[in-house]
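> return atomic coordinates for the entry below.
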Amino acid sequence: MSIVRRNRIGLAALGVLAFSALAMIIIQPSRSQAAPNGMLLTGLVTSTSGEKMGGVVVSAQAEGKLIITSVYTDDQGRYYFPAMDAGSYNVWAQAVGYETGRGQVNLNGAVRSQNFSMKSMPDFLKQLSQDRIAAALPEDTPEHRKMKDVFENNCTSCHPMNFLLQNRFDKDGWSSAIYLMSRLTLPDMNFGGVDYPPFPAFQYYRDELAAYLAEMRGPGTSPMRISPRARPSGEAAMAVVTEYDIPSPDRPDLPANRGQDWSLGTPSSMNGARGIHDVILDNFGNAWFTQSEPSVIRSYGKINLKTGEVTNYTVPGPNGLAVHGHAMTRDQDGILWFNLQPAAPGGPGRLARVDPATAKLDIYTPPKGMAGVGGDVSADGKGGVWAATETGGIRFDPKTQKFQDFKSLTLNSPIGMQGSYGIAGDQDGNGWWTQISLDIIGKGDSYTGEVSEVKLPKRASRADDAYTAEERKMYELAGTNAPRFTAPDTQAPRRPAADGDILWAPDYFGDNVAKIDIHTLKYTLIPIPVKDGGPYKLAVDKNHDVWITLVDADTILKYDPPTQKWTAFTLPSIGGGLRHLSTFDNQGTVQVAICETRTGKIAVLQERTKRELQALQAQVQQLSAEK
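Numbers count the residues shown, from 1 in each chain. From the prediction side, this is the model:
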């Protein structure tokens, strides 16, 4: 067991980004007494022409706090916050294609109303997520289709399309950016220097790609046709999203652009906010998260969801740094499991266990000769804990404290690294791991020790007619499982989850979800409703609904298997780089916790029913009539 040091950060003591007024604000007189469970904030959002605007996100942040609560307007343009504490709040309304409406309200009575009049804006490209930027890139010629493929597959690993294309450069400027990207090191994504071997695709396409980007976003007129996504409606507009800023442990000053103000565009991930990656809710009102970037202070952390107080936990590592991890899961008893770096350079990755009730940490190291614990972990239905490895999967039995190693059937291939990426344990105690570059999902049987695999079909590239044999041979030299450096026909299954007899795996490039029978290994590919968003992590809730993060679309999807219905929940911040999500049964209500990795936030989404909103609306009307 390693020594753990704790360090607390009181979020209320940190600075907060102030929003200046004013949009059109109407503050109604207050009653002296409060609503039964706190103060109620409501209002109407219209356009300057008087149109009632549905699906507008309205956010509120108490002064001195780094907790942002957001709701969405209904089809009549009205919004209703859940009961909130008294105090002064910055409130703002946002919709793609409109200037931000800003205001300030003092909640010191039962009901406060703040209305917004939204002014349209002609140039709103900065407000768009990657999926809408991708939709705007033309596919009218074979060359345009191919270069769109090349751009998406090779240039959007460190940053999404919307971050890159919110800027304009001429051909030389884009060529310089491509040169820099071609020499990024793996896995830390730092510049390797002029002598670092370049990625083959960058070197091959540098001139052609620079000319393409200069055509799309250069000094001249662009052929891109920008259009916003439809705003949330129905079920998607009933949710409440609470976001928590998690300051960098080593640099607690927050960057100005953290994605909550769309007018600033998509933020860079290199802004000191990076590091949080996976998030799990516990039974005590806290969210636990992993730190995936080097830090002196934080190996993993916890945030109190009521107060916003952050507790950092330090597991000392080499060279004065804290060791860090990547993935986290919760077992059936509410115990948290996550991976940690080796204790010393060259050693195996380790498995860590934390009891949220006591914060007690235990660390387990695989024996010599076994693969080390890698970047994903998952609990199975028989009490075991699985972890991805460089060669397949590894299972830990907490009762016997023994590891069981499983090797992938396919370990030698010229088209990419063969290490596993994501992993999931199923109800029978088996483990499933994804080989992202090979489109293979491996299965380890914990009872027999046998390994099998599912090979997914190649996806259809939008530019199949434009790639030459020479180009396809070049892609075989890529030799990497980095997120976006891959061949153009790859499905790229990422981080799966099991539910009953089904394994669900999100296909990052394929824009689909693989549904696999855990007994027969037969699969079905189910298309998702958002293209080019990057489905990454999948979780299944107590109702058997499937939830998926879209890394570059600022959206999480919910899929109801019996009805085959999809619901897309758009988050209030842009450029969050959504990685992990997990579900939690909060006394019968499903909560979804999401890591906004690029902007250093944790978001908690909770659905509201139509009946709940109608009751809240009636309460607002009653309290307003009593004034």
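
> could you measure from Phe124 over to Ile133?
12 Å (C-beta to C-beta, to the nearest Å). Glycine gets a C-beta too; all of them are placed from N, C-alpha and C.

> more neighbours, the two?
Ile133 (26 against 19; other C-beta atoms under 10 Å).

> okay, now Val451: neighbour count?
If you count neighbours by other C-beta under 10 Å, Val451 ends up with 17.

> do the same with the one 5 residues further on
By other C-beta under 10 Å, 22 other residues sit near Leu456.

> from what I can see it touches Ile441, true?
Yes - with contacts counted by C-beta atoms under 8 Å, Leu456 reaches Ile441, the gap being 7.1 Å.

> what touches both of those two?
By C-beta atoms under 8 Å, 6 or more residues apart in numbering, Leu456 and Ile441 have these common neighbours: Pro493, Ala514.

> so what's Phe191 up against?
Leu180, Arg183, Leu184, Thr185.

> if we go to 6 Å?
Residues near Phe191 by C-beta atoms under 6 Å, 6 or more residues apart in numbering: Arg183.

> cool, and the one 10 residues further on?
Residues in contact with Ala201 (C-beta under 6 Å, 6+ apart) are Asn154.

> what about it, which SS state?
On the three-state scheme (DSSP: H, G, I helix; E, B strand; the rest coil), Ala201 is labelled helix.

> give me the distance between it and Glu215.
In terms of C-beta to C-beta, Ala201 sits 19 Å off from Glu215.

> ok, Pro496 - contacts?
Gly422, Ala424, Trp432, Leu503, Ala505, Leu538.

> okay, now the first one: neighbour count?
The one in question is Gly422. Neighbours of Gly422 under the rule other C-beta under 10 Å: 27.

> report the contact partners of the nearest residue to it once chain neighbours are set aside.
Once flanking residues are discounted, Gly422 sits nearest to Arg495: 3.4 Å by C-beta to C-beta, 6 or more residues apart in numbering. Contacts here follow C-beta under 6 Å, 6+ apart; on that basis Arg495 touches Asp376, Gly422, Lys537.

> and the first one, how many residues sit next to it?
I take that to be Asp376. For Asp376, the tally of surrounding residues (other C-beta under 10 Å) stands at 28.

> for Ile297, same thing?
Residues near Ile297, counting by other C-beta under 10 Å, number 19.

> measure it to Arg251 for me?
Taken as C-beta to C-beta, the span from Ile297 to Arg251 is 10 Å.

> what are the phi and psi values at Lys146?
With angles defined as degrees, to the nearest 10, Lys146 shows backbone torsions of phi -70, psi -50.

> contacting residues for it?
Lys146 makes contact with Ala463, Ala466 under the criterion C-beta under 6 Å, 6+ apart.

> tell me the SS of Tyr179?
Secondary structure, three-state DSSP: Tyr179 is helix.

> how close does it sit to Leu321?
Distance of Tyr179 to Leu321, computed by C-beta to C-beta: 30 Å.

> for Glu450, same thing?
Glu450 is 40 Å from Leu321, where distance means C-beta to C-beta.

> more neighbours, these two?
Neighbour count, other C-beta under 10 Å: between Glu450 and Leu321, Leu321 has more, with 16 against 11.
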